[in-house]
Structures are given as C-alpha cells and as structure tokens.
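Engineer: Could you look at this predicted model? Sequence included:
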Amino acid sequence: MARVNPGQFINQVKVESGKIVWPTKKETAMTALMVVIMTGLLAAFFFAVDSAFSAIVHSLLSLLA
C-alpha cells in the first residue's frame, strides 16, 4: 500500500468527489415510488402466505380436537 501525505490525500478526495453523480429529483421520486410499491406487494404476499398457513394449522388442530 502506497504512503500518501495529507495534502495528496485531500487532493485525491477532491478528485474522487468530483466524479460523484447524484440522482435527479425525478429519479429519486421514481425509486422511492418503486420501493413503496414493492413493499406493498411483498406485504400482501406474506399476508396471504401467513393466512394460508394459519388456516391449514387451524384445520389440522381442529382434527385433533
């Protein structure tokens, strides 16, 4: 690993910081919307699976009673 003095390090950080590309407002909004939609879909899926397993367990337990 090469040794770099503090001045060179600061210059390298400035150069690398200049390469950062920030998303636009539209891209950020679309990404947030997609996260909300996917979270809702996954919540609905897991609710359905949980409800199905719950019904199966209740029916199996009613057979024992």
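Structural biologist: The structure has been received and is ready for your questions.
Engineer: Please state the offset of the biggest helix by length in the chain from the chain centre?
Structural biologist: Secondary structure of the chain per DSSP state H: the longest helix is helix 25-64. Relative to its chain's centre, helix 25-64 lies at 16 Å (C-alpha atoms, centre = their mean, to the nearest Å).
Engineer: ditto for stretch 7-18
Structural biologist: The answer for stretch 7-18 is 30 Å, by C-alpha atoms, centre = their mean.
Engineer: burial measure for residue 18, as a count.
Structural biologist: Residue 18 has 7 neighbours, counted by other C-beta atoms under 10 Å. All C-beta atoms are positioned from the backbone trio N, CA, C, and that covers glycine.
Engineer: Ignore what I typed, I meant residue 29.
Structural biologist: Residue 29: 11 surrounding residues under other C-beta under 10 Å.
Engineer: How much space separates residue 57 from residue 44?
Structural biologist: 20 Å (C-beta to C-beta, to the nearest Å).
Engineer: ok, and what's touching the helix or strand of the chain with the lowest mean pLDDT?
Structural biologist: Ranked by mean pLDDT, DSSP states H and E, the weakest helix or strand in the chain is helix 6-18, scoring a mean of 93. Outside helix 6-18, the residues within contact range by C-beta atoms under 8 Å, 6 or more residues apart in numbering are residue 4.
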